[in-house]
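*Asks:* Take this sequence and fold it.
(4 chains)
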Number of protein chains: 2
Amino acid sequence: MDTKLRLGDFICFSLYSASHAFTRIYKPLLERLGLTYPQYLVMVVLWEQDGQTVGGIGEKLFLESSTLTPLLKRLETAGLVKRERNPADERQVLIRLTPEGRDMQQQTADFLQQLVEATGMSVEEIGELRRNIVTLRDNLNRMAGV
Amino acid sequence: MDTKLRLGDFICFSLYSASHAFTRIYKPLLERLGLTYPQYLVMVVLWEQDGQTVGGIGEKLFLESSTLTPLLKRLETAGLVKRERNPADERQVLIRLTPEGRDMQQQTADFLQQLVEATGMSVEEIGELRRNIVTLRDNLNRMAGV
DNA sequence: TTTAATTATATCGTACACGATTAAATCGTG
DNA sequence: CACGATTTAATCGTGTACGATATAATTAAA
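*Replies:* Model prediction:
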């Protein structure tokens, strides 16, 4: 009877495939900025609060230092951030936006409208869906001990 | 005013992070089978219908041959599938389950209950959420021309 | 206070994921 | 039938992603 389980029944696959679909939607928008989608997420986190540690960024994005360190080095090479040890605790590395990195936010101003349009859903529907997905994610992470 | 846009407002990030959370939940279950999550998805597709082409699998999973070819070679090395050219059309490669690959499905029988439990949601809530996410995904893919 | 345990980041190996390109097979049109 | 166009996988380069491990700094304990 479990042979009746089809791919379409898997909520994990709906998330997996919808996440990839969003990345595809973002690609042409982010290409103009020379960013990948994960790099864009890091920039969003830094625009919200500058001068965070690698660990602080990872906590917000649920990413490990083994993922973030090379990504942040690429952002540094691109001239968008600076990486410097925290003098108060030399274990930490503080990530600070450069003026170019800060200014880039303005170039993302028109993203929201285009993305909402691409969803084919109302802002209210999107909001409710987002809240339900976050609830699911937090439940899963709690179960996984994150 | 768009500086008020916080990471938590992004439905794309909710999908991205929830998808990764599911992968983390699956990891200990799949480790017993020696599978990664994407490999498991391919097995699900093949359990549903054996003898599909690389392109057919990719269409269902929204993955390119550049992703699937190395993954399928790993499944072949693991003795779970066989890859052979279609005699009727030598461009295509047919993927067939080995007896070991087919039998593995039985070892996934207890996944469903554990996963539902981990979501902390009712089966009805999960079903409704899944349908909404699929609608969103299909809208996005339509916009991206997929 | 010297040492032991913990914390923060970096490094390494493996496995996705995709765009661009290549190579081979098939199809379509003259 | 021939030959250009299309289709299908595979390959290559770049960039995530993570677990395991390493290294250095800080904290805790003896």
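
*Asks:* Give the buried residues for whatever helix or strand residue A:100 lives in.
*Replies:* Element membership of residue A:100, judged by DSSP states H and E, is helix A:99-103. By neighbour count on 16 or more other Cβ atoms under 10 Å in any protein chain shown, the buried set for helix A:99-103 is A:101-102. All C-beta spots, glycine's among them, are computed from the backbone N, C-alpha and C.

*Asks:* if you look at the following helix or strand past that helix, does any of it touch chain B?
*Replies:* Using DSSP H and E, the next helix or strand after helix A:99-103 towards the C-terminus is helix A:111-119. Yes - counting by Cβ under 8 Å from any Cβ of the partner chain, chain B has neighbours in helix A:111-119: A:112, A:115, A:117-119.

*Asks:* Please tabulate those residues in CSV, including the columns pLDDT.
*Replies:* Shown next, in CSV, are those (pLDDT from 0 to 100):
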residue, pLDDT
A:112, 94
A:115, 95
A:117, 94
A:118, 95
A:119, 96
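
*Asks:* Going by neighbour count, which of these are buried?
*Replies:* A:115, A:118-119.

*Asks:* ok, of the residues you listed, which one's closest to chain B?
*Replies:* residue A:118 (4.3 Å; Cβ to the nearest Cβ).

*Asks:* wait, doesn't the closest one sit right on residue B:138?
*Replies:* No - using Cβ atoms under 8 Å, residue A:118 makes no contact with residue B:138, being 11.5 Å away.

*Asks:* mind listing what residue A:22 touches?
*Replies:* A:37, B:11-12, B:15-16, B:140 (Cβ atoms under 8 Å, 6 or more residues apart in numbering or on different chains).

*Asks:* can you tell me if the biggest strand by length in chain A touches chain B.
*Replies:* If you go by DSSP state E, chain A has its longest strand at strand A:89-97. No - Strand A:89-97 stays out of contact with chain B when judged by Cβ under 8 Å from any Cβ, the minimum separation being 12.6 Å.

*Asks:* Off-centre distance for that strand?
*Replies:* Relative to its chain's centre, strand A:89-97 lies at 20 Å (Cα atoms, centre = their mean, to the nearest Å).

*Asks:* From residue A:54, how far off is the residue of chain A found nearest DNA strand D?
*Replies:* Here chain A gets closest to DNA strand D at one residue, residue A:66, 2.9 Å apart by Cβ to the nearest atom of the strand. Per Cβ to Cβ, to the nearest Å, residue A:66 is found 11 Å from residue A:54.

*Asks:* Could I get the phi/psi values of residue A:49?
*Replies:* phi -150, psi 120 (degrees, to the nearest 10).

*Asks:* Great, nothing more from me.
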